[in-house]
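Engineer: need a structure here:
(chains A and B)
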Amino acid sequence: MSIRIENVTKNFNGKTAVDNITLDIPQGEFFAFLGPNGAGKTTTVKMMAGLLRPTSGTITVAGYDMSKDLIEVKSMLAYVPDQPYMYDKLTGREFLNFVGTLYNMPEKDLSMQTDKYMELFDMHDYIDELTENYSHGMKQRLILSATFLHRPKVVLVDEPIVGLDPQSARLVKNMFKEQAGSGVTVFMSTHVLSVAEETADRIGIINNGKIVALGNMDELRRRTQTDGNLEELFFHIMSQQNCA
Amino acid sequence: MHNLTILKRLKQTELRHRWEQFASESWIKVFAITALAAICWMILYGLFYNGFKFIAKFPDMQNWLLDHVFSLFFLALTVMLAFSNGIICYSALYRSSEVKFLISQPLKTENIFLYKLLESLAFSSWAFLFIAVPLLVAYGYTNGLPWHFYAVMLFYFSSFVFIPAAAGAIASMIIVTFFPRKKKQILMLALFLLTGIILLLLSGVIGLRSTTNPYSEMWVKKVMDKLSFSRNPFFPSYWLAQGMLDTANGKAASAGFYFLLILSNGMFLTMAAYFLAKWKLLKGVTEIIYIQRKKIYSKGSFFNKAVNAATCLFKPQMRQLMIKDMKIFLRDPAQWSQFLIFFGLLTVYFSNLRTLAYDIQQVYWKNIISYLNLCATTLTLSTFTSRFVYPQFSMEGKRFWIIGMTPMKRTRILWGKFAFALIGALLVSESLIFLSSYMLKVQWEIVLLHSSTVAAICIGLVGLSVGMGTMYPNFREENSSKIISGIGGTMNLVLSLGYVVTVLAIEVMPISRHNYQKYALSGELKLFVFAAIGMIFLISLIVCMIPMIIALKAVKKIEI
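Structural biologist: Okay, the predicted model is just below:
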């Protein structure tokens, strides 16, 4: 399922957070979205998730216009926020059951998928405890399980690695790569440049609401005429931006 | 600088900021809070004043009766204060992130305790003063007491509040330190024992009905004898009652004795709590942090099956939304405990209508009492929907991404909340009205009228609160009590009260007609009943649907 963002702008009280961006992400691509704090990353992801409406421009997923066919688009989407706020008074299992039912999953399938992700993320010990007792890492695992429960075609992720232990971080990275390999489109906003470099097929850099660089590692290296890693490329691009 | 001075400055700064925030709030909110407080205060004053005037009609019994009544009143207040202080202290000492932060600072644990004790004292004691001051003023006014009576009583009350506060704090520290895994069981046992004692006393009073004519002098004496345990000289409440009466009667030596008794005991208990905190507070805080988490099994429990069966008529998505809200409500003691207190008190009162011999009164009085019961139920319901239903949508707040992302129309979220709140409100309020009607043995027209009115009010109040809560969402705040204190919450409370009062005013018409016609079941009366029901439903539907329609449009546009 491809994503197309066309001339999208988002203003908040007269201030432009995202400024006329255009992006095409083909099906099965793992796209990493980078940028400093306040650059417009989260706003872009939220607009793609349908939680914010663009001031102008259009977003289409698999040919569906988000402003017109939101329910169809949402049934294909999954979103992992940067801060996993959950219902404190539900257990992990109840939370998965709740989310699965809202996605109209059949009961049997929901139960099988719950068991699968419980196994994958090793959540047996705490799945039946209230989520108010979970650590950040435990919550992140649960959210990721809820994300993949209904087999989404497009996954939008905002800072998925923060708070995870090294083992879980590797598991998550591999999982996103596998999903992309199986045709799921992954759009990941992150500050962790090493993860983006390691996993992404293509990278976009946003600054002050505008896309300032776009391409795979080779394309970015050619553009900056630098032969370093993503961190060096990123700082090179940002320093060019600051000078401009 | 001394620890307490630092903490005092911290609190002063915090209070100053809060005051500045309050002063900058909308005048509607400030006015509404002040007006409501003043109305409640005047109602209490009126009740106490009429009560004292009534007692003054029996000069032979007056002192004896006042002695018993004050002892019982202050005993009940002491128990409630000790309970509320215990619970507040537990939250303030063991569940607050502030204490965890303060403990990590170079501050003495016992000083942190004193700081939090004073905070909890201020928190819980305002209610004591709110009730005690009108009592005091009414008593002083009916007995023509001089100004220095009030000044002396201020010292009495200020010293007295330390006793239940320190006792509650000691109890919470002992429970957490020595029985950290049995906290809830101990609390439930205490509540169970308290309820048992109250029921035992009530059954004793009910038993008197068969041997003595209710409200006769003999009956009053026997009732007071049954309750004379409150005059135990070891009870601090008894010292306060005696001190108050002695001050009023000019017995300076005796009044001074009771004052010093209260003061010394207050100081002793505070010191005991201080040393207990010095030795055990840190242990309790760490114990609570590392205590083993309790498992809640979500599969196959009776509760889940019952809830699923009860909501089987709804579509799966709606059902899940309702079940989620129900579980959150039932697992949050802050919510259900207030619910239990509000409606539990009404249930106890309605269950005892026959104890008070209201069922054998004239139809005229029974109609008035049943109408007043309806007023109490619906006014309580209006505060309840303003307190718990209004913030429901805002409470989704930072979690809105969960349901906001699902392939479900957002309007369904509102209907889910509406259905959950309406079912809950109907179950509770209709049960109360039927209980009241059954105990009073009122005529069927009145039962029909009251139950229809309550159903209509439930629809109106729930629609209003869900609608207003969506129109004025506050997604930044996690604390529901702060959400309701905003402009939308205040408006919702004022509108809810206004709406309930309007409906109750319409309901008066057939009631008064019934009484005027000497309770004859004429065709005209039936017409009055049905006209009133029709009008009430019409108003309620308008009150429900206008905010709901606006909210259903607003929810589609909400951005997170």
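Engineer: look up how far B:Phe434 lies from B:Pro510.
Structural biologist: 19 Å (C-beta to C-beta, to the nearest Å). C-betas here are computed from N, CA, C, even on glycine.
Engineer: who has more neighbours, the two?
Structural biologist: B:Pro510 (22 against 15; other C-beta atoms under 10 Å in any protein chain shown).
Engineer: from memory the more buried one sits against B:Leu448, does it?
Structural biologist: No. Checked against C-beta atoms under 8 Å, the pair B:Pro510 and B:Leu448 is beyond contact range at 10.1 Å.
Engineer: mutual contacts of those two, please.
Structural biologist: Both B:Pro510 and B:Leu448 are in contact with B:Val529, where contact means C-beta atoms under 8 Å, 6 or more residues apart in numbering or on different chains.
Engineer: where does the most centrally placed residue in chain A fall, helix, sheet strand or coil?
Structural biologist: Central residue of chain A (C-alpha atoms, centre = their mean): A:Val157, 1.5 Å from the mean position. Taken by DSSP: H, G, I helix; E, B strand; the rest coil, the conformation at A:Val157 corresponds to strand.
Engineer: that one against A:Met188, yeah?
Structural biologist: Yes. Look at A:Val157 against A:Met188 with C-beta under 8 Å: they come within range, at 4.5 Å.
Engineer: report the set of residues contacting both of the two.
Structural biologist: Taking C-beta under 8 Å, 6+ apart as the criterion, A:Val157 and A:Met188 both touch A:Phe176.
Engineer: which residues of chain A fall in helices?
Structural biologist: A:41-49, A:70-76, A:92-102, A:107-120, A:136-149, A:166-181, A:193-199, A:217-224, A:230-243 (DSSP state H).
Engineer: return the distance of the last one from the chain's centre.
Structural biologist: Helix A:230-243 has its average C-alpha position 23 Å from the chain's average C-alpha position, going by C-alpha atoms, centre = their mean, to the nearest Å.
Engineer: which residues are contacting it?
Structural biologist: A:34, A:36, A:193-194, A:196-197, A:203, A:205, A:207-208, A:212-213, A:217, A:220-221, A:224, A:226, A:228.
Engineer: same question for it, mean pLDDT?
Structural biologist: Helix A:230-243 shows a mean pLDDT of 83 in the predicted model.
Engineer: is any part of stretch A:109-121 close to chain B?
Structural biologist: No. Contact check for stretch A:109-121 against chain B, using C-beta under 8 Å from any C-beta of the partner chain: none in range, with a minimum separation of 9.3 Å.
Engineer: buried stuff in that stretch?
Structural biologist: Within stretch A:109-121, the residues that qualify as buried by neighbour count (16 or more other C-beta atoms under 10 Å in any protein chain shown) are A:110-111, A:113-114, A:117-118, A:121.
Engineer: which other residues reach it?
Structural biologist: The set of residues external to stretch A:109-121 that reach it, using C-beta under 8 Å, 6+ apart, is A:93, A:96-97, A:100-101, A:105, A:123-124, A:127, A:141-142, A:144-145, A:148-151, A:168, A:171, A:175.
Engineer: which among those count as buried?
Structural biologist: By neighbour count, with 16+ other C-beta under 10 Å, the contacts of stretch A:109-121 hold A:93, A:96-97, A:100-101, A:105, A:123, A:127, A:141-142, A:144-145, A:148-150, A:168, A:171, A:175 as buried.
Engineer: and chain B, which of these reach it?
Structural biologist: Restricting the buried ones among the contacts of stretch A:109-121 to those touching chain B (C-beta under 8 Å from any C-beta) yields A:93, A:97, A:101.
Engineer: what's near enough to touch A:Trp124?
Structural biologist: Not quite, residue A:124 is His, not Trp. Listed by C-beta under 8 Å, 6+ apart, the contact partners of A:His124 are A:Met118.
Engineer: and the pLDDT for B:Ala277?
Structural biologist: pLDDT for B:Ala277: 89.
Engineer: show me which residues of the stretch 451-560 of chain B are close to chain A?
Structural biologist: Counting by C-beta under 8 Å from any C-beta, the residues of the stretch 451-560 of chain B lying close to chain A are B:557, B:559-560.
Engineer: those residues, buried ones only, as a PyMOL selection?
Structural biologist: In PyMOL, this line selects whichever of those come out buried by 16+ other C-beta under 10 Å:
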select buried, chain B and resi 560
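Engineer: pLDDT-wise, what's the bottom of the residues of the stretch 451-560 of chain B next to chain A?
Structural biologist: Lowest pLDDT within those is found at B:Ile560 (75).
Engineer: the residue nearest the centre of chain B: which element?
Structural biologist: If you average the C-alpha coordinates of chain B and look for the closest C-alpha using C-alpha atoms, centre = their mean, you land on B:Phe342, 4.9 Å from that point. According to DSSP states H and E, B:Phe342 maps onto helix B:333-351.
Engineer: surely B:Val363 meets B:Gln443?
Structural biologist: Yes. Judged on C-beta under 8 Å, B:Val363 makes contact with B:Gln443 at a distance of 7.4 Å.
Engineer: the stretch 151-300 of chain B: helices as residue ranges?
Structural biologist: Secondary structure of the stretch 151-300 of chain B (DSSP state H, counting those that start in this stretch): helices located at B:162-178, B:183-211, B:217-226, B:236-248, B:252-290.
Engineer: so which of these gets nearest B:Ile413?
Structural biologist: Among these, helix B:183-211 comes nearest to B:Ile413, with 31.8 Å by C-beta to C-beta.
Engineer: hmm, back to that, in CSV, list the residues of the stretch 451-560 of chain B next to chain A along with distance to B:Phe22 and secondary structure.
Structural biologist: Output for these, formatted as CSV (distance: C-beta to C-beta, whole Å; DSSP: H, G, I helix; E, B strand; the rest coil):
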residue, distance to B:Phe22, secondary structure
B:Lys557, 31, helix
B:Glu559, 29, coil
B:Ile560, 28, coil
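Engineer: what is the burial count for A:Met76?
Structural biologist: A count of neighbours around A:Met76, defined by other C-beta under 10 Å, yields 19.
Engineer: what does A:Asp24 give?
Structural biologist: Other residues within reach of A:Asp24 by the criterion other C-beta under 10 Å amount to 12.
Engineer: and A:Val195, how far from B:Ala306?
Structural biologist: Using C-beta to C-beta, which is the criterion applied here, A:Val195 is 46 Å from B:Ala306.
Engineer: sorry, wrong one. I was asking about A:Asn242.
Structural biologist: Between A:Asn242 and B:Ala306 the computed distance is 62 Å (C-beta to C-beta).
Engineer: cool, and B:Ser481?
Structural biologist: As defined by C-beta to C-beta, B:Ser481 lies at a distance of 30 Å from B:Ala306.
Engineer: next: B:Thr177.
Structural biologist: 37 Å.
Engineer: please say which of the two ends up with more neighbours.
Structural biologist: Per other C-beta under 10 Å, whichever of B:Thr177 and B:Ala306 has more neighbours is B:Thr177, with 16 against 10.
Engineer: what sits against the more buried one?
Structural biologist: In this structure, B:Thr177 makes contact with B:280, B:283-284, B:287, judged by C-beta under 8 Å, 6+ apart.
Engineer: so which of these is the closest to chain A?
Structural biologist: Here the nearest of those to chain A, counting by C-beta to the nearest C-beta, is B:Glu287; it sits at 15.4 Å.
Engineer: list phi and psi for the residue lying closest to the closest one once chain neighbours are set aside.
Structural biologist: In space, and not counting its chain neighbours, B:Glu287 is closest to B:Pro180: 4.7 Å by C-beta to C-beta, 6 or more residues apart in numbering or on different chains. Note on B:Pro180: its backbone torsions stand at phi -60, psi -30 [degrees, to the nearest 10].
Engineer: quick one: neighbours of the residue in the stretch 51-200 of chain B that chain A sits nearest to, just the number.
Structural biologist: Sorted by distance to chain A under C-beta to the nearest C-beta, the residues of the stretch 51-200 of chain B start with B:Arg95, at 11.3 Å. Taking other C-beta under 10 Å as the criterion, the count of residues near B:Arg95 is 11.
Engineer: kind regards, and thank you for your time.
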